[in-house]
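Q: Provide a 3D model corresponding to the input given below.
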Amino acid sequence: MKVGVVSDVHNNVEALTYALAHLRDADVVLSLGDLVSDYRVDPRVLRLARDAGLVGITGNHEKTILLHPGSRLRHSLTGTDLEYVRALPATRELELDGRRVRLAHGAPWDDPADYRCEYVTERDRHALERAASDDADLVLLGHTHVPMAVHIRSTLVFNPGTCGEARTRYGLLTFGQVDTHAGLASVFVVQPGLEPRLVLRSDF
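A: Modelled structure (predicted):
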């Protein structure tokens, strides 16, 4: 089974369009949150997500729109867009091709009633151990905007990076692809006009 993974799009219509075009043969595309930003929502991104049938979760930006008492966007979204965002769960647990997969934006233990999310990074061994403590073959995380693939015992903790707002010195926009049959998780660079470039690959 081929699974596309995008995260932290932050209204970047062009990058998401590129990723979806190169994931067109995927059986499912997962979104790990922050399709939009807490200060601006581009309805085209939500339309793309709906039309592509993305299986998504909320990020801290969607949760801020929904939960923060000072959010003005919540009252300015169309009914359809607000309904779409409200329907997103904080986490998901899936079984894909016999693989147990857990989705979270920041960390699996984040409070769904709090708009803040924790960062799980490659250097934070304690957080990685905690993220992998659940009974899952693959834990998919976003939020850091930095690609990551770390083995913790029998679990791969995988972050596809950001498909919308680069925060590394290399300034790369990225998306992920998981092959559950082959047991491979890969990260590709968004390169408009060119084929995506592989930057990270790990087995699981």
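
Q: list the contacts of the spatially most central residue of the chain.
A: Nearest to the mean C-alpha position of the chain, counting by C-alpha atoms, centre = their mean, stands Leu32 at 2.3 Å. Shown in contact with Leu32 (C-beta atoms under 8 Å, 6 or more residues apart in numbering): 5-8, 56-57, 59, 103-105, 140-143, 160. For the C-beta atoms, the positions are set from N, CA and C on the backbone; glycine is no exception.

Q: next one: it from Tyr119, what distance?
A: 13 Å (C-beta to C-beta, to the nearest Å).

Q: next SSE after the host helix or strand of Leu46?
A: Assigned by DSSP states H and E, Leu46 belongs to helix 43-52. Next helix or strand after helix 43-52 toward the C-terminus (DSSP H and E): strand 55-56.

Q: residues contacting that following strand, please?
A: Taking C-beta under 8 Å, 6+ apart as the rule, strand 55-56 contacts Val28, Val29, Leu30, Ser31, Leu32, Gly33, Leu35, Ala49, Leu88, Arg92, Leu94.

Q: go with 10 Å
A: Here strand 55-56 makes contact (C-beta atoms under 10 Å, 6 or more residues apart in numbering) with 3-4, 6-7, 28-35, 49-50, 62, 84-85, 87-89, 92, 94, 103, 105.

Q: so what strands line up beside that strand?
A: strand 28-31 (parallel) (DSSP bridges).

Q: tell me the mean pLDDT for the partner strand?
A: Per-residue pLDDT over strand 28-31 has a mean of 98.

Q: okay, strands next: where are they in the protein?
A: Ranges of strands within the chain are 2-6, 28-31, 55-56, 91-96, 99-104, 138-140, 148-152, 155-159, 174-179, 184-189, 197-203, based on DSSP state E.

Q: so in that sheet, which strands flank the fourth one, and in what orientation?
A: So that's strand 91-96. strand 99-104 (antiparallel).

Q: mind checking how far the partner strand is from the chain centre?
A: For strand 99-104, the separation from the chain centroid amounts to 12 Å (computed by C-alpha atoms, centre = their mean, to the nearest Å).

Q: next, the angle from it to strand 2-6.
A: Compare the direction of strand 99-104 with that of strand 2-6 by axes from the mean of the first three to the mean of the last three C-alpha atoms, to 10 degrees and you get 10 degrees.

Q: OK, contacts around Arg123?
A: Counting by C-beta under 10 Å, 6+ apart, Arg123 has contacts Met148, Val150.

Q: what sits in contact with each of Leu32 and Tyr119?
A: With C-beta under 10 Å, 6+ apart as the test, Leu32 and Tyr119 both reach Gly106, Leu141, His143.

Q: no further queries at this time; thank you.
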